[in-house]
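In: dropping the sequence and predicted coords here.
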Amino acid sequence: MIPQDLHSNLRGNLAPAGLVRLSRSITIFVKDLKQYYLKAPVLSWGFLFPIAIIVLLTMTVKSFGESVMVPAMYSVSLLFASTSMAQVSVSFEKMNGSIHRLVYAPLTGFDLVTSKTLGGVFYGLIGVFVATVSVFLFTGHLIVLHIIYFTVSIILASLLYSLLSVLIALTMDPLKTVAILNIARFSMIFFGGMVIPQVLLPHWMQELTLAFASLYITDSIRYGMYNTWETVDPYTSLIVTLIVTVTLYFVAYRTALKALTP
Amino acid sequence: MDGPPILVDHLLKKYGRLIAVKHLSFKAGEGEILGILGPNGAGKTTTLRAIAGALKPTMGRVLVYGMNSYKESSRVKRIIGVMPEVPSLFPELTVRENLEFLGKVYGLSRLEARKAAEQTIDLMGLTDYVEVRYGHLSKGLKRRADMSGALVHDPRIIVLDEPTAGLDVFSASRLRSIIRELMKTGKTIIISSHYIDEIMELSKRVVILYKGTKVYEGEPRRLRDILDLGKRVKVVFDRELDESFWSALKDKISSYIDDTLLFTGDYLEVYTKDPLHLLDVLKESLEGNGYSIVDIDILPPSWEDVFKRYMIEARDPTGFTFKSEGKPCSCGAG
């Protein structure tokens, strides 16, 4: 028989609310890893595609210089890896209805957004590892002059990109999620100063690049690694990234709340 | 936690212009099995979702042991187990992984979740399928796994939304047996279904909804008494009746018949309030013409007929509705 009065022993009665929330988010994150980390869309968009881009970018290192292209490699890798999980985990669960099972569980918008974002951050960090190995293999060295700044930038960037994909996956029709995400990804690559350095773009387009978070992220990584930047100073970059991340979190939280309570 | 397990208080839910539930009020007591019945679009699922704290009411409230189901949904959801209308566990995970996951999401520790999953799997007869992925299960097994998902955290209140919809007779019967077992545990169970017989058989009390409005609340048997459909009489003749003889017979017995359900030549099924006189007249006429009766059944009205008749009454533009315990009133919505 089912255990009697088990509910009286629920951890929620004993542990601080924040810890309970975090442990629930981690439970969902671990479940997502089990379910989705080997799915074809995750592997192709989160792993294979960044590798292909990195290989292409390494060929341009000599022309544009290491401090221009290596941060771009990290940025591209982070972008694709961090945005690949939610497009699968949220969209699949929306399509097969299992996300609705979570509606009846004692979860808040915070729990759902955190859990889905953690998956993206995890994959993002794998992307950073891939980029690091690639850079090391190609250049024979690895320069990180401001390790703490670099680490904070990487974590913030993976959070931002992951949140962006969670927000898109939560709000869009599952069949359109990948298409919308790709518009966002490629806009950031080409107009966000990742592949084409901002200084090489026409003047009006240089203004446009300021609207893309990827510009600030790439410059942050550049500063963390080479103590230099192209467009925005390192602290402004970090603050802008932080503001965008918090805003995305808030919007995703509100969206998830709506998704959880029709 | 004060108050009854469930108190629905003037619940109103609008989706844009569509009013899904109109000022609905009812309550369920401790250990009660309450059935919610109604045609498609009656507001059953909306009501269940509001009870489960998964829906923001437009107006009104649902209290679960005195807690507002929406405003205190985190607390409420921990004591409610829901089996949604459609299979909705995670297809890539095995039955065990699904249940352990849900247990943890509901706040159990890893060990507690494992133990609870094992016990629930035993209860639901899923032992042979624990390591099978949910997505690979048959529909009947999926529904059993769904019900396991509702039970794994040992909730005080169980909400079952169309638990046997789309199942074959064996799977449905198995699931009903499990529900009967659950009834013995003293938990409060709210069950909605399209299958009238199922609801009437399992529930001590029913709430009937029509277009978002409560049209009946009370014991199922009271519904039969109110409508007074009479008895369902089934008669089998020894052979097909001659057409002219049937025409004459029909005129003779028409005053005893309230409703003819079926006539196929050698079989007659009717509703009558006076079965004995009807059978006397039938027997006399048939024997006088060389026919005989080979089988007779006198049954209470089927729940399906009671429900259909009741829904016809509920649609009556005069606004005829019943309030608690089936007394007719003109109380309108809710």
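Out: Looks like it came in fine.
In: would you mind listing the buried residues in the helix or strand of chain A with the lowest mean pLDDT?
Out: Ranked by mean pLDDT, DSSP states H and E, the helix or strand of chain A with the weakest confidence is helix A:61-64, at a mean of 72. By neighbour count on 16 or more other CB atoms under 10 Å in any protein chain shown, the buried set for helix A:61-64 is A:61, A:64. Placement of C-beta: from N, CA and C, glycine included.
In: in CSV, list the C-alpha atoms belonging to it.
Out: The C-alpha coordinates for helix A:61-64 follow below in CSV (Å, rounded to 0.1, in the frame of the first residue of the first chain):
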residue,chain,number,x,y,z
VAL,A,61,42.7,34.0,-36.7
LYS,A,62,45.8,35.0,-38.6
SER,A,63,44.0,37.6,-40.7
PHE,A,64,42.0,39.3,-37.9
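In: who touches it?
Out: A:69, A:70, A:138, A:139, A:197 (CB atoms under 8 Å, 6 or more residues apart in numbering or on different chains).
In: hmm, try it at 10 Å
Out: Residues outside helix A:61-64 that contact it (CB atoms under 10 Å, 6 or more residues apart in numbering or on different chains): A:57, A:67-70, A:72-73, A:135, A:138-139, A:195-197, A:200.
In: in the chain, which spans are helices?
Out: Just going to use chain A. A:17-36, A:40-43, A:49-58, A:61-64, A:66-96, A:98-103, A:109-139, A:147-171, A:174-191, A:203-209, A:213-226, A:234-260 (DSSP state H).
In: hmm, no, I was thinking of chain B.
Out: According to DSSP H, the helices that chain B contains are B:44-51, B:73-78, B:95-105, B:110-123, B:139-151, B:169-183, B:196-202, B:220-227, B:243-253, B:275-288, B:303-314.
In: next, count neighbours for residue 28.
Out: In the absence of a named chain, chain A is used. When neighbours are counted by other CB atoms under 10 Å in any protein chain shown, residue A:28 registers 23.
In: actually chain B
Out: 23.
In: need the pLDDT of it.
Out: What the model reports for residue B:28 is a pLDDT of 94.
In: look up how far chain A lies from it.
Out: 18 Å (CB to the nearest CB, to the nearest Å).
In: in TSV: the helices of chain A, plus distance to residue B:296.
Out: Shown next, in TSV, are the helices of chain A (distance: least, CB to CB, whole Å):
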stretch	distance to residue B:296
helix A:17-36	60
helix A:40-43	66
helix A:49-58	76
helix A:61-64	96
helix A:66-96	52
helix A:98-103	50
helix A:109-139	62
helix A:147-171	63
helix A:174-191	59
helix A:203-209	87
helix A:213-226	81
helix A:234-260	57
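In: now the contacts of helix A:61-64: which count as buried?
Out: Buried by 16+ other CB under 10 Å: A:57, A:67, A:68, A:69, A:70, A:72, A:73, A:135, A:138, A:195, A:196, A:197, out of those.
In: my guess is the third one meets residue A:231, correct?
Out: Going back to what we said before, that points to residue A:68. No: the pair residue A:68 / residue A:231 is not scored as a contact, 11.7 Å apart, by CB atoms under 10 Å.
In: what about the residue lying closest to residue A:257 once chain neighbours are set aside, how many neighbours?
Out: Closest residue to residue A:257 apart from its sequence neighbours, by CB to CB, 6 or more residues apart in numbering or on different chains: residue A:109 at 3.7 Å. Neighbour count for residue A:109, taken as other CB under 10 Å: 18.
In: go ahead and confirm residue A:109 touches residue A:255.
Out: Yes: using CB under 10 Å, residue A:109 makes contact with residue A:255 at a distance of 7.8 Å.
In: mutual contacts of those two, please.
Out: With CB under 10 Å, 6+ apart, residue A:109 and residue A:255 have common neighbours residue A:170.
In: returning to what we had before: which one of the buried ones among the contacts of helix A:61-64 is nearest residue B:252?
Out: Nearest to residue B:252 among these is residue A:195, at 94.0 Å by CB to CB.
In: tell me who's in contact with the nearest residue to the closest one once chain neighbours are set aside.
Out: Nearest non-adjacent residue to residue A:195, counting by CB to CB, 6+ apart: residue A:189, 5.4 Å away. By CB under 10 Å, 6+ apart, the contact set of residue A:189 is A:53, A:72, A:75, A:76, A:79, A:80, A:195, A:196, A:212, A:214.
In: of all those, which comes closest to chain B?
Out: Using CB to the nearest CB, residue A:80 comes nearest to chain B of these, at 22.8 Å.
In: for stretch A:246-260, which outside residues touch it?
Out: Looking at what lies outside stretch A:246-260 - CB under 10 Å, 6+ apart - the contacts are A:86, A:90, A:94, A:99-100, A:102-105, A:107-117, A:159-171, A:213, B:54-56, B:73.
In: kindly recompute the last result at 6 Å.
Out: A:103, A:109, A:112, A:113, A:163, A:166, A:167, A:170, A:171 (CB atoms under 6 Å, 6 or more residues apart in numbering or on different chains).
In: now do stretch B:9-17
Out: B:20, B:21, B:23, B:24, B:25, B:46, B:50, B:57, B:58, B:59, B:60, B:61.
In: likewise for stretch A:147-155?
Out: The contact list for stretch A:147-155 (CB under 6 Å, 6+ apart) reads A:128, A:144, A:220, A:221, A:224.
In: residue contacts, the first one?
Out: It stands for residue A:128. Per CB under 6 Å, 6+ apart, neighbours of residue A:128: residue A:154.
In: do the same with the second one
Out: If you count contacts by CB under 6 Å, 6+ apart, residue A:144 has them with A:150, A:225.
In: pLDDT at it, what is it?
Out: Reported pLDDT for residue A:144: 92.
In: the fourth one now?
Out: At residue A:221 the predicted local confidence, pLDDT, stands at 94.
In: how about it, nearest residue that isn't a chain neighbour?
Out: residue A:71 (4.2 Å).
In: is it true that that neighbour touches residue A:217?
Out: No: using CB atoms under 6 Å, residue A:71 is not in contact with residue A:217, being 8.8 Å away.
In: how much space separates residue B:212 from chain A?
Out: The value you get for residue B:212 to chain A, if CB to the nearest CB is used, is 16 Å.
In: correct me, but that residue touches residue B:18?
Out: No: at 9.0 Å, residue B:212 does not count as touching residue B:18 under the criterion of CB under 6 Å.
In: between the two, who's got more neighbours?
Out: Neighbour count, other CB under 10 Å: between residue B:212 and residue B:18, residue B:212 has more, with 25 against 9.
In: ok, the more buried one to residue B:41 distance?
Out: Using CB to CB, to the nearest Å, residue B:212 is found at 8 Å from residue B:41.
In: give me the number of residues near residue A:213?
Out: Neighbour number of residue A:213 under other CB under 10 Å is 22.
In: OK, contacts around it?
Out: Taking CB under 6 Å, 6+ apart as the test, what residue A:213 contacts is A:160, A:244.
In: which of the buried ones among the contacts of helix A:61-64 lies closest to residue A:124?
Out: residue A:73 (13.7 Å).
In: next one, pLDDT for the nearest residue to residue B:201 once chain neighbours are set aside please.
Out: In space, and not counting its chain neighbours, residue B:201 is closest to residue B:176: 7.7 Å by CB to CB, 6+ apart. Per-residue pLDDT puts residue B:176 at 87.
In: outline the domain layout of chain B.
Out: B:6-224, B:230-299 (automatic domain parsing).
In: with distance to residue A:207 added, can I get the ones you listed in CSV?
Out: Formatted as CSV, the domains of chain B follow (distance: least, CB to CB, whole Å):
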stretch, distance to residue A:207
domain B:6-224, 41
domain B:230-299, 79
